[in-house]
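K.L.:
Could you work out the structure for the sequence below:
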Amino acid sequence: MNTAKFTEKKYIVVLSFVISLFFFWAIALTMGDVLNKHFQNVLNISKSQSGLVQLSIFGAYALMGIPAGLLMKKYGYKAGVLIGLSLFSLGAFLFIPAANNASFSFFRFALFVLAMGMATLETVAHPFVAALGDEQTSDQRVNFAQSFNGLGAIIGPLLGGFFIFGHSSASHDLGSVKSLYTWIGIIILVIAIAFSFIKVPDLKDPHAGENHPEDNTAESKANYDPDAPLWRQKHFIFAVIAQFFNIAAQGGTWAFFINYGVEKMHIPETQASYYFSLSMAMMMVGRFLGTFLMKYIAPNKLLAIAAGCNIILCLIISQSFGWVSFVSLILLNLFLSVMYPTIFSLGLKRLGKNTQQASSFLVMAMFGGAVFPPIMGHIAETDIAHAYLLPIICYLVILAFATKLYQPKTIR
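P.N.:
So this is what the prediction gives:
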């Protein structure tokens with residue numbers, strides 16, 4: 001059982017603020033999945049074309065990961081957060097001209113800028129949270145912070161469902177989208193101004209110690225070199241691969257949730273968006289539960305259990321068993337919940353001075369979310385249920401990482 005402190009009293013204010021960032025970018029991320037269906041309705045685009053929404057969002061993660069890491073390394077955590085919030089706000093305000101021009105391409109550009117901000121925040125926030133306490137409890141802190149990401153993910157579909165699909169007139173025009181994102185831009189700008197006045201204490205990344213106790217054992221010295229470059233750190237390489245497939249599964253699952261509800265369950269779009277929000281509640285529950293269980297179960301074992309459960313659920317979803325399949329779709333997020341933060345934290349273990357650079361690559365791995373939605377969209381044109389067979393590939397990769405490939409080992 002882990003007895004190290006969760007955090008220290010001097011970090012509580014900063015930790016609380018950083019955790020709030022997880023909440024706000026989740027709202028924007030999940031609202032993109034509501035936009036998928038709305039753009040199909042208003043802009044007359046296909047499912048595969050609407051999957052380009054995720055390409056715009058997660059493509060920004062691929063491009064912004066390394067620059068965000070370099071900015072964080074040179075200017076520190078606080079500057080990284082302020083840059084991320086500024087881009088976030090700018091992208092939200094770009095929805096105004098996009099809606100005025102009713103242009104899908106313009107919307108994708110606005111989402112790309114907004115996602116550049118989210119990518120910057122993700123790159124900074126994870127090592128930031130890890131630095132606010134002992135390394136032994138970094139898995140718990142990241143999962144706890146991601147629990148509030150889960151709360152934001154509940155609110156995102158609720159906001160989207162209410163403002164975009166909640167009124168018959170709003171569901172057929174872009175005015176509601178413009179108003180909603182204008183308010184998001186204002187709120188994020190106010191948060192950026194507030195954070196500029198918060199004093200961040202001097203921090204030393206707990207992963208960056210020159211001598212980790214585990215590195216002193218004979219077995220570790222024979223298999224692991226903490227000073228080796230990242231491309232030789234086997235557990236990090238496989239963490240990036242696992243994260244790519246994790247976000248691929250997540251992006252595809254979320255992108256067509258509402259379509260599944262409408263086409264297979266024959267429920268209205270508004271109701272489907274509320275069920276999507278319920279699914280996000282499962283993610284929040286899963287992260288709080290994961291934070292607790294990691295006191296007693298090794299993070300990699302919990303990750304393996306989650307991957308195995310989602311393989312079974314995807315098989316059920318793909319068979320169109322009515323409510324049994326739809327409930328399985330809702331439950332996917334319960335097990336998806338622990339995957340992102342756990343893979344992220346396992347990938348950063350014992351990387352020393354390379355921790356911040358490694359964080360950049362793990363954020364870039366979110367490009368997987370840009371790859372699967374268009375592919376699933378093509379399958380969904382024939383049968384939306386069969387599209388959910390594709391994420392099984394992702395969970396098999398995650399299962400391999402959790403059982404064998406997570407252990408720090410240097411490629412000789």
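
K.L.:
which residues sit in contact with Ile267?
P.N.:
261, 275 (C-beta atoms under 8 Å, 6 or more residues apart in numbering). From N, CA and C alone the C-beta is placed, and that goes for glycine too.

K.L.:
Ok, Glu263 next?
P.N.:
Shown in contact with Glu263 (C-beta under 8 Å, 6+ apart): Ile384.

K.L.:
can you confirm it is in a helix?
P.N.:
Yes - with DSSP: H, G, I helix; E, B strand; the rest coil as the criterion, Glu263 is part of a helix.

K.L.:
Tell me the spacing between it and Phe107.
P.N.:
Distance of Glu263 to Phe107, computed by C-beta to C-beta, to the nearest Å: 24 Å.

K.L.:
Same check on Ser50?
P.N.:
Counting by C-beta to C-beta - Ser50 and Phe107 are separated by 11 Å.

K.L.:
Now list whatever residues contact both of those two.
P.N.:
Residues touching both Ser50 and Phe107 (C-beta under 8 Å, 6+ apart): Phe39.

K.L.:
Helices along the stretch 251-400 of the chain, start to end?
P.N.:
Under the criterion DSSP state H, counting those that start in this stretch, helices of the stretch 251-400 of the chain are mapped to 257-264, 269-293, 299-317, 323-336, 339-348, 355-364, 368-380, 391-400.

K.L.:
And the fifth one, what does it pack against?
P.N.:
Judged by 3 or more C-beta pairs under 8 Å, 6 or more residues apart in numbering; DSSP states H and E, the packing partners of helix 339-348 are helix 104-131, helix 138-160, helix 234-255, helix 269-293, helix 299-317, helix 355-364.

K.L.:
what's in contact with the fifth one?
P.N.:
The reference is to helix 299-317. Residues outside helix 299-317 that contact it (C-beta under 8 Å, 6+ apart) are 139, 249, 260, 290, 293-294, 324-325, 328-329, 331-332, 335-339, 342-343, 345-346, 385, 388-389, 391-392, 395-396, 398-399, 401-403, 406.

K.L.:
Local confidence estimate at Leu71?
P.N.:
As predicted, Leu71 sits at a pLDDT of 84.

K.L.:
State the number of residues packed around Leu315.
P.N.:
Leu315 has 14 neighbours, counted by other C-beta atoms under 10 Å.

K.L.:
From Tyr395, how far off is it?
P.N.:
11 Å.

K.L.:
Next: Leu90.
P.N.:
Counting by C-beta to C-beta, the gap from Leu90 to Tyr395 is 36 Å.

K.L.:
Please identify which of these two sits among more neighbours.
P.N.:
Taking neighbours as other C-beta under 10 Å, Leu90 and Tyr395 compare with Tyr395 leading, 25 against 17.

K.L.:
I figured the more buried one hits Ala248, correct?
P.N.:
No - using C-beta atoms under 8 Å, Tyr395 is not in contact with Ala248, being 10.3 Å away.

K.L.:
re earlier: as CSV, the helices and strands packed on helix 339-348 with distance to Ile57 and mean pLDDT would be great.
P.N.:
Formatted as CSV, the helices and strands packed on helix 339-348 follow (distance: least, C-beta to C-beta, whole Å; pLDDT from 0 to 100):
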stretch, distance to Ile57, mean pLDDT
helix 104-131, 4, 88
helix 138-160, 13, 79
helix 234-255, 8, 93
helix 269-293, 16, 87
helix 299-317, 22, 97
helix 355-364, 13, 82
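
K.L.:
Tell me the predicted confidence for Ala222.
P.N.:
Looking at Ala222, its pLDDT reads 58.

K.L.:
err, Gly166, not the other one
P.N.:
Per-residue confidence (pLDDT) for Gly166: 61.
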